[in-house]
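Peer 1: Fold the following.
(chains A and B)
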2 protein chains.
Amino acid sequence: MNKLYVVGLGPGGACGMTAAARAALEAAEVICGYTVYLDLVAPLVPGKELRSTPMTKELDRCALALALAAEGRTTALVCSGDAGVYGLASPLLELAPAYPAVEVEVVPGVTAALAGAAVLGAPLGHDFCTVSLSDLLTPWDRIETRLRAAVAGDFVLCLYNPASRRRRDTLRRACEVLLDAGRAPGTPCGWVRNIGRGGQSARLLTLEELRGAEVDMFTTVFVGASATRVEGGRLITPRGYKR
Amino acid sequence: MNKLYVVGLGPGGACGMTAAARAALEAAEVICGYTVYLDLVAPLVPGKELRSTPMTKELDRCALALALAAEGRTTALVCSGDAGVYGLASPLLELAPAYPAVEVEVVPGVTAALAGAAVLGAPLGHDFCTVSLSDLLTPWDRIETRLRAAVAGDFVLCLYNPASRRRRDTLRRACEVLLDAGRAPGTPCGWVRNIGRGGQSARLLTLEELRGAEVDMFTTVFVGASATRVEGGRLITPRGYKR
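Peer 2: Presented below is the predicted three-dimensional model:
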């Protein structure tokens, strides 16, 4: 069987990678991915053929990886974080049935929700949801419905893609939806930028303050639930042991 | 500063562990945890002092780890999956302000949602939420509210703790809430048992079938959103590239 690994590299450099991800890169003859991630893995597993496609050409990257594996070359397609969370595992598996000789193995990784949470404390200590604020593939009214449902369910929220070069006011709009749906303005929140990379920064703030925060596409945002609080400078959602 | 690492070991054996988790274990003089996890790490980092407390004594385990670090001994407290997701990071950080000399570092890991998703395909390819079905620390009406909100928001659900020795019908009750809230009986779902360990098993089934499924405390359950489907034997929630 021709093997294709879809590998989540984790949050930053080599230290966030699992042993299984590393082993998949070592087993591969060819590594496909966006240039930034190829630059990251190339020094770790030297001597591999590297194939990149532009950032926006994600379907092409999946098709390339499948075609290489179909030729009989053990291939790894790399993503940051976890390939299964807003990553390439899903579009790749949609294309995979057209390549019946290829066996796809998804190798999970530490997604930004987990890595960012660890920087801030333990905001995901109880039930949480992730919402991508990118309206590139999802209409804004669907995003708004999800944000309102997250408030109704008193979930902690982890927001992916809170901004892009084009969209500067997305996080403000999302915060206004959350406030309008009834999440308290004083709710403890936080953001982490460049998780696990050089220049990592983080801040704790209230939902009201988050509304005016400047974030970019490399930022992951956390909005607390009703039980979330700040203790000893950390953002914590209790499991309830203390009670 | 006296260092205490709270380490998520990932889903199973050594291969699911990040390099940072491994490095934290190596840096530690003492490793605290539930016996099962100590048995897992002991052969990887021989020569460490190992300290366990019984499974239910989680607050004691946190206090022990903090006390050891406060004595000046570099300590690691280990959890399966990610310590920040239904793990010990949150209760530990609640106790930590009483130990001002201890610097806590949370080392994230691959939680069961990510590892189980990779086994099934890519069910978490778009917005999802995690809900613990354990009513040990959360009243059932709160759990039911969260399940209904997840349906209202059309989130993919990942269900932790779908059963325990005591609670055998929790998953059935949860499925009935989801169906009553309007999630279609034919919704593609899946479960994974013993993720990343010996005897791993998995199954794809509909929400209607899931209602009658036999699961145990080592099982993680996935319930699709409206866009989730099965293709090539994999459970996939599309990001939408194909459209």
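
Peer 1: per-domain residue ranges of chain A.
Peer 2: A:2-107, A:112-236 (automatic domain parsing).

Peer 1: would you list these in TSV and tack on distance to B:Ile31, mean neighbour count and mean pLDDT?
Peer 2: Every residue, glycine included, has its C-beta placed from N, CA and C. TSV is the format used below for the domains of chain A (distance: least, C-beta to C-beta, whole Å; neighbours: other C-beta atoms under 10 Å in any protein chain shown; pLDDT from 0 to 100):
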stretch	distance to B:Ile31	mean neighbour count	mean pLDDT
domain A:2-107	18	21	95
domain A:112-236	18	20	95
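
Peer 1: would you turn those domains into a markdown table with distance to chain B?
Peer 2: Converted to a markdown table, those look like this (distance: least, C-beta to the nearest C-beta, whole Å):
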| stretch | distance to chain B |
| --- | --- |
| domain A:2-107 | 3 |
| domain A:112-236 | 3 |
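
Peer 1: so which of these comes closest to B:Gly233?
Peer 2: domain A:2-107 (8.9 Å; C-beta to C-beta).

Peer 1: Tell me where chain A has strands.
Peer 2: Using DSSP state E, the strands of chain A run over A:2-8, A:30-33, A:49-52, A:75-79, A:102-107, A:121-122, A:128-132, A:156-160, A:188-193, A:201-206, A:219-223, A:229-231, A:234-236.

Peer 1: Nearest to B:Phe155 among those strands would be which one?
Peer 2: That would be strand A:128-132 among the strands of chain A, by C-beta to C-beta, at 5.8 Å.

Peer 1: The closest one versus strand B:156-160: what angle between them?
Peer 2: 160 degrees (axes from the mean of the first three to the mean of the last three C-alpha atoms, to 10 degrees).

Peer 1: Sheet-wise, list the partners of strand A:128-132 with their directions.
Peer 2: Sheet pairing here is set by DSSP bridges, and for strand A:128-132 it gives strand A:156-160 (parallel), strand B:128-132 (antiparallel).

Peer 1: Show residues contacting the first one.
Peer 2: Okay, so that is strand A:156-160. Residues outside strand A:156-160 that contact it (C-beta atoms under 8 Å, 6 or more residues apart in numbering or on different chains) are A:86, A:112-113, A:116-117, A:123-124, A:126-134, A:147, A:150, A:171, A:174, A:178, A:220-225, A:228, A:237.

Peer 1: Check the offset of it from the chain's centre.
Peer 2: 10 Å (C-alpha atoms, centre = their mean, to the nearest Å).

Peer 1: Would you convert the strands paired with strand A:128-132 into JSON lines that also reports distance to B:Arg211?
Peer 2: Listed next are those as JSON lines, based on distance: least, C-beta to C-beta, whole Å:
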{"stretch": "strand A:156-160", "distance to B:Arg211": "28"}
{"stretch": "strand B:128-132", "distance to B:Arg211": "16"}
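
Peer 1: Select, out of the ones you listed, the one closest to A:Val102.
Peer 2: Across those, closest to A:Val102 is strand B:128-132 (C-beta to C-beta), at 26.3 Å.
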